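# Sequence and predicted structure below; questions after.
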Amino acid sequence: MALGFTPAVEIYGTNAALLNERLLEWEHTDAAGFVSDQLKLTLDIEGLEGLPSLGGRIGLRVGYLETGLEDKGLFKITQRTPYLFPLRLVLVATAAPFDQDEFKQRRTASHGPTTLGALFRQLTIRYGFSPRVAPDLDAEKIAHIDQTNESDMSFLTRLAKRFDAVAKPVDELYVLGRKGQITSLSGKPLQEVRLSVTRDNRPGDRAFISASFTETSRAKFEGAKASWWDVATCKKREVEVGGAPFKVLAQRYQSEDEARTAAEGEMRRVSREGLQINVICPGNPAFQAEGLLVLDETWPGFMQGRWSIDTLTAVGKRKESYRCTIKANGLSSPQ
């Protein structure tokens with residue numbers, strides 16, 4: 001994606017004219033899974049009578065004047081902090097789907113026998129979402145699972161993690177799918193964003209990129225073990241996936257199928273999350289959590305490959321700067 005040279009940001013919604021006029025700095029955090037996306041605005045309030053009200057809904061568009069702006073969604077203002085000398089106001093807003101009280105209501109329930117797709121639809125439709133489930137996850141069997149004093153959305157996130165998947169609201173949809181899918185279940189293509197290092201990569205340059213690469217010992221596991229309770233024989237049994245050394249899952253499952261699914265999911269997660277990279281680079285509105293980052297041949301061999309973006313933090317000032325900090329997990333092994 002070609003980028004422009006003049007960073008641009010636009011706030012819309014409640015008190016949009018005031019916020020745009022007074023905006024000094026902004027920060028947008030886009031996170032994977034059931035984590036509330038957050039928008040933070042720093043405003044100049046010299047001479048301002050009164051403060052923007054809590055509860056207002058605002059939206060963010062960001063990009064470059066030369067190539068256009070991209071809408072990052074709606075947020076609800078949940079916190080305001082004024083400062084004296086100089087007079088400043090920091091507003092914190094959270095992604096609109098997470099501001100509903102129903103999301104915070106804790107429940108205790110038992111589910112099953114069912115399938116992952118059926119349970120996901122049951123728990124998301126009640127909030128008015130249109131559920132989307134990846135075909136390879138839809139028919140996964142669940143013999144029994146307990147929801148104990150946790151919200152439905154927190155429970156769904158825990159459930160998705162068992163199957164090495166991600167559950168997250170996207171506008172009016174609620175999607176359940178694998179990390180790193182090229183096409184999102186919302187029908188909108190997740191761009192595979194390529195990032196190159198310039199030949200003269202140095203601090204102070206607009207295109208400067210810095211990065212760190214971490215390989216943890218978790219990547220050294222070659223297999224996983226999960227236990228299940230055999231009702232017919234009243235014995236605990238184990239399922240092994242891969243080979244030694246094994247990672248042993250602490251939870252005991254209801255059936256052999258559930259134990260095998262959990263072990264397979266854990267192996268996928270371990271092999272991916274054992275490789276992590278942090279990148280600080282020029283801002284690009286195409287970056288998004290759950291999207292794909294491709295580090296091309298301009299990078300050192302051990303960093304090249306495809307990465308799944310876990311957390312994206314974009315910061316900027318009006319027409320002065322737009323930078324992104326990316327935390328990502330490996331999808332294909334670096335050299």
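Here it is on my side, so go on.

# Now do the longest strand anywhere in the chain, average pLDDT.
With DSSP state E applied, the strand covering the greatest number of residues in the chain is identified as strand 68-83. pLDDT averaged over strand 68-83 equals 92, rounded to a whole number.

# same question, stretch 262-271
Looking at stretch 262-271 alone, the average pLDDT works out to 78.

# Tell me the residue in the chain that is farthest from the middle.
Of all residues in the chain, residue 233 has its C-alpha farthest from the mean position, at 42.5 Å, by Cα atoms, centre = their mean.

# Next up, phi/psi of that residue, please.
phi -110, psi 0 (degrees, to the nearest 10).

# From the contact counts, what lies against the helix or strand following the longest strand of the chain?
As assigned by DSSP states H and E, the chain's next helix or strand after strand 68-83 is strand 88-95. Secondary-structure packing of strand 88-95 (3 or more Cβ pairs under 8 Å, 6 or more residues apart in numbering; DSSP states H and E): strand 38-44, strand 68-83. Placement of C-beta: from N, CA and C, glycine included.

# Distance from the chain centre to the longest strand of the chain, please.
The offset between the C-alpha centroid of strand 68-83 and the centroid of the whole chain comes to 17 Å, using Cα atoms, centre = their mean, to the nearest Å.

# packing partners for it?
With contacts defined as 3+ Cβ pairs under 8 Å, 6+ apart, strand 68-83 has these neighbours: strand 7-13, strand 38-44, strand 57-64, strand 88-95.

# got the contact list for residue 10?
Shown here is residue 10, whose contacts under the criterion Cβ atoms under 8 Å, 6 or more residues apart in numbering are 20, 60-62, 69.

# Same list (those) but as TSV, adding neighbour count and distance to residue 54.
Putting those into TSV (neighbours: other Cβ atoms under 10 Å; distance: Cβ to Cβ, whole Å) gives the following:
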residue	neighbour count	distance to residue 54
20	14	19
60	23	18
61	16	22
62	21	23
69	15	26
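
# Closest one of the residues you listed to residue 140?
The nearest member of those to residue 140, counting by Cβ to Cβ, is residue 60 at 35.6 Å.

# The closest one touches residue 69, doesn't it?
No: here residue 60 does not reach residue 69: they are 9.2 Å apart, not a contact under Cβ atoms under 8 Å.

# residues of stretch 242-257 that come out buried?
Residues of stretch 242-257 classed as buried under the neighbour-count rule (16 or more other Cβ atoms under 10 Å) are 242, 246-247, 249, 253-256.

# Show me where the stretch 101-250 of the chain dips below the pLDDT cut-off.
Counting by pLDDT under 70, the ranges of the stretch 101-250 of the chain that qualify are 101-104, 170-171, 179-191, 217-220.

# now the contacts of residue 10 in CSV, with distance to residue 172?
Formatted as CSV, the entries for these read as follows, by distance: Cβ to Cβ, whole Å:
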residue, distance to residue 172
20, 27
60, 18
61, 19
62, 22
69, 22
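
# ok, residue 69 to residue 205 distance?
Between residue 69 and residue 205 the computed distance is 24 Å (Cβ to Cβ, to the nearest Å).

# do residue 159 as well
When distance is defined by Cβ to Cβ, residue 159 is 45 Å away from residue 205.

# Looking at the two, which one has more neighbours?
More neighbours sit around residue 159 than around the other of residue 159 and residue 205, counting by other Cβ atoms under 10 Å; the figures are 21 against 11.

# The host helix or strand of that one: which residues count as buried?
Secondary structure here is read from DSSP H and E; on that basis residue 159 sits in helix 152-162. Of all the residues in helix 152-162, those buried under the rule 16+ other Cβ under 10 Å are 152-157, 159-162.

# Please tell me how far whatever helix or strand comes next after that helix is from the chain's geometric centre.
As assigned by DSSP H and E, the chain's next helix or strand after helix 152-162 is strand 165-170. Distance, stretch centre to chain centre, for strand 165-170: 8 Å (Cα atoms, centre = their mean).

# other SSEs contacting whichever helix or strand comes after strand 165-170?
Beyond strand 165-170 in the direction of the C-terminus, DSSP H and E gives the next helix or strand as strand 173-178. Using 3+ Cβ pairs under 8 Å, 6+ apart, the elements in contact with strand 173-178 are helix 116-125, strand 130-133, helix 135-138, strand 165-170.

# Could I have the CA atoms of the first one written out in CSV?
What it means is helix 116-125. Taking Å, rounded to 0.1, in the frame of the first residue of the first chain, the C-alpha atoms of helix 116-125 are listed here in CSV:
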residue,chain,number,x,y,z
LEU,A,116,-18.6,-24.9,19.1
GLY,A,117,-20.5,-23.2,16.3
ALA,A,118,-23.9,-23.8,18.0
LEU,A,119,-22.8,-22.5,21.4
PHE,A,120,-21.1,-19.5,19.8
ARG,A,121,-24.3,-18.6,18.0
GLN,A,122,-26.5,-19.1,21.1
LEU,A,123,-24.4,-16.7,23.2
THR,A,124,-23.9,-14.0,20.6
ILE,A,125,-27.3,-13.7,19.1
